[in-house]
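Participant: Take a look and give me a structure for this.
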Amino acid sequence: MTGAEIWADALRATLLFAADPFRFGGIVLRAGAGPVRDRWLRLLQGSLPADSRLRRMPPHVADDQLLGSVDLAATLERGRPVHRPGLLAEVGGGVLLLSMAESILPAAAARVCAALERCRFGVVALDEGIAPDERPPAGLLDRLAFHLDLGGVALRDTEGCVSRLLRCPDGLPVPGHRALQALCGAAISFGIGSARAPLLALRVARAAAADAGREAIAEADLAFAARLVLAPRATHLPQVERPQEPPDEPPAPADDRRSDQSDVGPLPPEELIVAAALAALPPDMLLRLRAGAGPLALRSKTAGRAGQARTSIRAGRRIGCKPGEPKGGARLDLLETLKAALPWQRLRRSPDTQPAPTQPAPRIAVRRDDFRIIRFRRRTQTTTVFAVDASGSSALHRLAEAKGAVELLLADCYVRRDQVALIGFRGRDAALLLPPTGSLLRARRCLAGLPGGGATPLAAGIDAAGVLADAERGKGRTPVIALLTDGRANVTRDGGSDRRKGEADAMESGRRLRLAGHAVLLVDTSPRPNPFARLLADEMHARYVPLPYAAADVLARAIRSSAAS
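Facilitator: Numbering: from 1, shown residues only. Predicted coordinates for the structure are as follows:
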């Protein structure tokens, strides 16, 4: 499809949604910030009814802002509970605009999904489309009918289409049996497992037919619904085989003819709906579906990446307080709040600031600026990723001693209740031998069974450690990589045998770890300190410890200091 055709479909979908946001759930708009998206937002605002509210929701909204909470300052001032409504209550009957929907917290997305089931409002999720694998949560995407992608639309493509008034008839066409069967069959052909998709597609087809002034659903209406509802949810390419027509087909029973009376004209078979949906798929998604990778829309990442947080407002060791309101899980420091309010009591009890005679005067006048919330400090759990070189050169020299050093480090990690993981690399690739675990026994058994021999795929070992460290950081843990190697990189990243290329690949992998900001400890297991291992440690900004001079307590302190840095 051309950019102008994509824009025309997006404009029509926007008009249908604006006429009845609750019927369709909402719109997912994947487009970067720019004039095309700005023009679409202006068209959306201009198409909504005058009394419809459009409220913007930030990605990291707290529960009290979303669901409402008790206004503590007003409650203390008036002497009775005062409720402060949240965004979901204020948007009733309107549209909730989710900025940066790909970064929305899972808990907030769950609140919005639950509200969509029982309240009348629509959702517009703006997906910035910065990273190809970052999408809004799957539960939210499943409830929004229209999935629009304006990535291939230029500003000139929007010039030929103008907004118009949408026809809003009192009744919508009643679908026939063949229309239902065609939409459900197309959904199955695309591997769509959710039952909401064909239901939403049917709603879109009925509304499109009513907008066109038709009394029955036509081929164009079903094709429109397939392009905007079914195609973006596809998980694999359909394999449609046209059945051969029988030579003599008996006439259809009278009941079947009556069931299709609401569909005027010949309805398209399932193959035509599938073809219309395939024509709307962007080229990159077609390639992913052919490769069996699935759509990006159903492979959303977990929103939010927890870093190495040192302070918290929820739990941990108390370290003091700070000004702020007790919301979002924060706890009120009552004593410090009263201390902040007491010096102002004489001024607040002046005649000009007294409440109305019908309200009881509070014993202590507390204002919003007096609130103090407790600050905590907590140590995030550390995951130590041991990447052990088990190649032939390492096994010949010091693999047994390296295993002993790792066992001592495992014992230290067990005392600190840290998670440990083990990656072994030899031959042509690296393998995750032990996923992150807190079991010291499992780690020792896995380490004892680590065989030695083969070449040294150092780049593969560093890459595997980096992937696992990224995953642990996403879970809120602090990853620390302990790389034990003799530095004799003689295998390239693609498995070839070339020492010079292998060392260059290892340096590139180390550079990636440095850019990712992971703490790394490189333990040189060669008989004498290897100059390349020292260079690799410098490239990774890692702490370099040669094994001949590294006692167990030195290695343990190195791991702890790397985790704290």
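
Participant: any chance you could map the helices in the stretch 401-550 of the chain?
Facilitator: 440-448, 458-474, 499-516, 531-540 (DSSP state H, counting those that start in this stretch).

Participant: Let me see the contact set for Arg37.
Facilitator: Each residue near Arg37 by CB atoms under 8 Å, 6 or more residues apart in numbering is listed here: Leu29, Ala31, Leu126, Leu150. Every residue, glycine included, has its C-beta placed from N, CA and C.

Participant: oh sorry, the question was meant for Ser52
Facilitator: Ala18, Pro21, Gly93, Gly94, Val95.

Participant: at 10 Å instead, please
Facilitator: When contacts are counted by CB atoms under 10 Å, 6 or more residues apart in numbering, Ser52 is found next to Ala18, Pro21, Gln45, Val91, Gly93, Gly94, Val95, Phe121, Gly122.

Participant: can you check Thr337 too?
Facilitator: Leu72, Leu76, Cys321, Pro323, Pro326, Ile364, Val366, Asp370, Phe371, Arg372, Ile373 are the contacts of Thr337 under CB under 10 Å, 6+ apart.

Participant: Please repeat the previous calculation with a cut-off of 7 Å.
Facilitator: Val366, Asp370, Phe371, Arg372 (CB atoms under 7 Å, 6 or more residues apart in numbering).

Participant: So what sits opposite the last one in the bridge?
Facilitator: Beta-bridge pairing of Arg372, defined through DSSP bridges, involves Pro323.

Participant: ok so, going back, among the contacts of Arg37, which pair sits farthest apart?
Facilitator: Leu126 and Leu150 (10.8 Å; CB to CB).

Participant: joint contacts of the two?
Facilitator: Contacts common to Leu126 and Leu150, judged by CB under 7 Å, 6+ apart, are Leu29.

Participant: burial of Glu77, as a residue count?
Facilitator: If you count neighbours by other CB atoms under 10 Å, Glu77 ends up with 17.

Participant: Quick check: phi and psi at it.
Facilitator: phi -70, psi -40 (degrees, to the nearest 10).

Participant: quick one: pLDDT of it?
Facilitator: Reported pLDDT at Glu77 in the predicted model: 73.

Participant: How about the one 3 residues further on?
Facilitator: Reported pLDDT at Arg80 in the predicted model: 71.

Participant: That one in helix, strand or coil?
Facilitator: State at Arg80, reduced to three classes by DSSP: H, G, I helix; E, B strand; the rest coil: coil.

Participant: gap between it and Ala73?
Facilitator: 13 Å (CB to CB, to the nearest Å).

Participant: ok, now Gly461?
Facilitator: Taking CB to CB, one finds Gly461 at 57 Å from Ala73.

Participant: Kindly report the same for Val480.
Facilitator: Counting by CB to CB, the gap from Val480 to Ala73 is 44 Å.

Participant: Quick check on Gly461 and Ala73: which one has the bigger neighbour count.
Facilitator: Gly461 (29 against 17).

Participant: Spatially nearest residue to that one (excluding sequence neighbours)?
Facilitator: Phe425 (3.3 Å; CB to CB, 6 or more residues apart in numbering).

Participant: what's the answer for Leu278, then?
Facilitator: Using CB to CB, 6+ apart, the nearest residue to Leu278 is Ala231, at 7.2 Å.

Participant: Doesn't the one you found belong to a helix?
Facilitator: Yes: according to three-state DSSP, Ala231 belongs to a helix.

Participant: Can you report how many residues neighbour it?
Facilitator: Residues lying near Ala231 (other CB under 10 Å) number 23.

Participant: Same check on Leu342?
Facilitator: Leu342: 13 neighbours (other CB under 10 Å).

Participant: got the domain boundaries for the protein?
Facilitator: The chain breaks down into these domains under automatic domain parsing: 1-159, 171-240+254-304, 320-377, 382-564.

Participant: any chance you could map the strands in the stretch 201-350 of the chain?
Facilitator: Ranges of strands within the stretch 201-350 of the chain are 311-312, 317-323, based on DSSP state E, counting those that start in this stretch.

Participant: Would you reformat those strands as a markdown table and include distance to Pro136?
Facilitator: Output for the strands of the stretch 201-350 of the chain, formatted as a markdown table (distance: least, CB to CB, whole Å):
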| stretch | distance to Pro136 |
| --- | --- |
| strand 311-312 | 27 |
| strand 317-323 | 33 |
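
Participant: who's in contact with Ala465?
Facilitator: Val385, Ala387, Ile423, Ile481, Leu483.

Participant: rerun at 6 Å
Facilitator: With contacts defined as CB atoms under 6 Å, 6 or more residues apart in numbering, Ala465 is in contact with Val385, Ala387, Ile423, Ile481.

Participant: wait, which of those is closest to Leu278?
Facilitator: Ile423 (41.5 Å).

Participant: Settle this for me: that closest one is touching Ala387, isn't it.
Facilitator: Yes: counting by CB atoms under 6 Å, Ala387 is a contact partner of Ile423 at 4.5 Å.

Participant: Restricted to buried residues, select the contacts of Ala465 in ChimeraX.
Facilitator: Buried members of these, defined by 16 or more other CB atoms under 10 Å, are picked up in ChimeraX with:
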select :385,387,423,481
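
Participant: so can I have a markdown table of the strands of the stretch 201-350 of the chain showing mean pLDDT?
Facilitator: Output for the strands of the stretch 201-350 of the chain, formatted as a markdown table (pLDDT from 0 to 100):
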| stretch | mean pLDDT |
| --- | --- |
| strand 311-312 | 58 |
| strand 317-323 | 79 |
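
Participant: out of those strands, which comes closest to Arg514?
Facilitator: For Arg514, the closest of the strands of the stretch 201-350 of the chain is strand 311-312, at 26.1 Å, according to CB to CB.

Participant: tell me the pLDDT at the residue nearest to Leu278?
Facilitator: pLDDT, Ala231: 83.

Participant: okay but Val36 is in contact with Gly152, surely?
Facilitator: No: at 10.0 Å, Val36 does not count as touching Gly152 under the criterion of CB under 6 Å.

Participant: out of the two, which sits in the more crowded spot?
Facilitator: Val36 (22 against 15).

Participant: Which pLDDT value belongs to that one?
Facilitator: 88.

Participant: Okay, and it sits in which element?
Facilitator: helix 35-47 (DSSP states H and E).

Participant: chain center to that helix, what's the gap?
Facilitator: Centre-to-centre, helix 35-47 and its host chain are 25 Å apart (CA atoms, centre = their mean, to the nearest Å).

Participant: Contact partners for the closest residue to Ile104 other than its chain neighbours?
Facilitator: Distances taken as CB to CB, 6+ apart put Pro59 closest to Ile104, at 4.8 Å, once the chain neighbours are dropped. By CB under 6 Å, 6+ apart, the residues touching Pro59 are Met100, Ser103, Ile104.

Participant: switch the cut-off to 8 Å
Facilitator: Leu98, Ser99, Met100, Ala101, Ser103, Ile104, Leu105, Ala108, Ala303.

Participant: Those residues, buried ones only, as a ChimeraX selection?
Facilitator: In ChimeraX, a selection of the buried entries from the contacts of Pro59 looks like this (16+ other CB under 10 Å):
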select :98,100,101,103,104,105,108,303
